[in-house]
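*Asks:* attaching a predicted model along with its sequence, questions to come.
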Amino acid sequence: MTLDEMYDEMDLYGFDDFEDSQKLSLLNEAYFDIVTREPWPFLEDLKTFTVPSGTTKITNNPVLTINVNNEVLTAQSITDLNSVLSLIDTTNGITLTPERTDVIEKNYWNSDSTSTPQHYYFINDELYLYPSASGDTVYRLFYTRVPTAATTTSSTFMIPTRHHSIIVYGALVKAFLVNDDPQAAVFQNMFESRYQQMRNDVWVNQYDRTDRIHVVSDGYDWNY
């Protein structure tokens, strides 16, 4: 759905007196309510990039050489990282493991180690490696993106088009609440119902499952 189509649907429910800027604000609020609930598959992305020797910071660092769609883009930054799903050093065949920032700080604060990174950690929302790479290294980052708000000039919602109606339902809930209208509860139920439909659709993209017999050990074996 386009923004104009969403505006028109809100008008059908009696909100034609709202300015388009007000409707856009409500639509964005509903959108963020949806996409921040779960690590949705439609938020996933994959980037391959080269980290120069001695580098520790990954995000918002223009020294990376990023390969996107088989095109090498220099002087680029990874700016849309929300959560890491996996980080792999393809040069050395190492899957990096996450570590708490305080563990890195307490144990390695006086170390300026340069070697093959084994861990990654966050300072605020920025992604770092430890230790710093001793040579140019290629990584594959599988991650979820930070969703961005729609604007009048850019209205790309990450939610699949077939589920855009849930954004409208969420906006209508907020619009009815603005007017202190009891219909807000009705549309809240519609929103939650539509949300479950979207979950069932988005999270399952194959039913071709092999038959398996799972061996479950005796419960007493779990006492450890």
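*Replies:* Ah, there it is. Residues are numbered from 1 along each chain as shown.
*Asks:* what sits against Y130?
*Replies:* Each residue near Y130 by CB atoms under 8 Å, 6 or more residues apart in numbering is listed here: T56, E99, I104, Y108, S113, P117, Q118, H119, Y120, Y121. For every residue, glycine as well, the C-beta is placed using N, CA and C.
*Asks:* chain center to the helix or strand hosting the last one: distance?
*Replies:* What that stands for is Y121. In this assignment (DSSP states H and E), Y121 forms part of strand 119-123. Its chain's C-alpha centre and that of strand 119-123 lie 17 Å apart, by CA atoms, centre = their mean, to the nearest Å.
*Asks:* stretch 185-197 now?
*Replies:* Chain-centre distance of stretch 185-197: 23 Å, with CA atoms, centre = their mean.
*Asks:* who's in contact with the top helix by length along the chain?
*Replies:* The helix that spans the most residues within the chain, counting by DSSP state H, is helix 183-203. Applying CB under 8 Å, 6+ apart, the contact partners of helix 183-203 are 34, 38, 40-42, 159-160, 162-163, 165-166, 169-170, 172-173, 176-177.
*Asks:* ok, 10 Å please
*Replies:* Helix 183-203 has contacts (CB atoms under 10 Å, 6 or more residues apart in numbering) with 13-14, 30, 33-34, 37-38, 40-42, 159-160, 162-163, 165-178, 181.
*Asks:* may I have the strand holding Y121 exported as PDB, CA atoms only?
*Replies:* Presented in PDB, the C-alpha positions along strand 119-123 are these (Å, rounded to 0.1, in the frame of the first residue of the first chain):
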ATOM      1  CA  HIS A 119      34.900 -12.200  19.700                       C
ATOM      2  CA  TYR A 120      32.600  -9.300  19.000                       C
ATOM      3  CA  TYR A 121      31.000  -6.900  21.400                       C
ATOM      4  CA  PHE A 122      29.100  -3.600  21.600                       C
ATOM      5  CA  ILE A 123      29.800  -0.200  23.000                       C
END
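*Asks:* please spell out which residues along it are buried.
*Replies:* H119, Y120, Y121, F122 (16 or more other CB atoms under 10 Å).
*Asks:* can you list the strands that it pairs with?
*Replies:* strand 97-98 (parallel), strand 126-130 (antiparallel) (DSSP bridges).
*Asks:* need the winner for burial among these.
*Replies:* Across those, averaging neighbours per residue (mean count of other CB atoms under 10 Å) puts strand 126-130 on top, at a mean of 19.
*Asks:* so what's E44 up against?
*Replies:* Residues in contact with E44 (CB under 10 Å, 6+ apart) are S83, L85, F142, Y143, T144, R145, M158.
*Asks:* cutoff 7 Å now
*Replies:* Going by CB atoms under 7 Å, 6 or more residues apart in numbering, E44 touches T144.
*Asks:* what ranges do the strands span in the chain?
*Replies:* For the chain, the strands defined by DSSP state E occupy 44-51, 64-68, 71-76, 81-89, 94-95, 97-98, 114-115, 119-123, 126-130, 132-133, 137-145.
*Asks:* let me know which of those strands is tucked in deepest.
*Replies:* Among those, strand 132-133 has the highest mean neighbour count (mean count of other CB under 10 Å), at a mean of 20.
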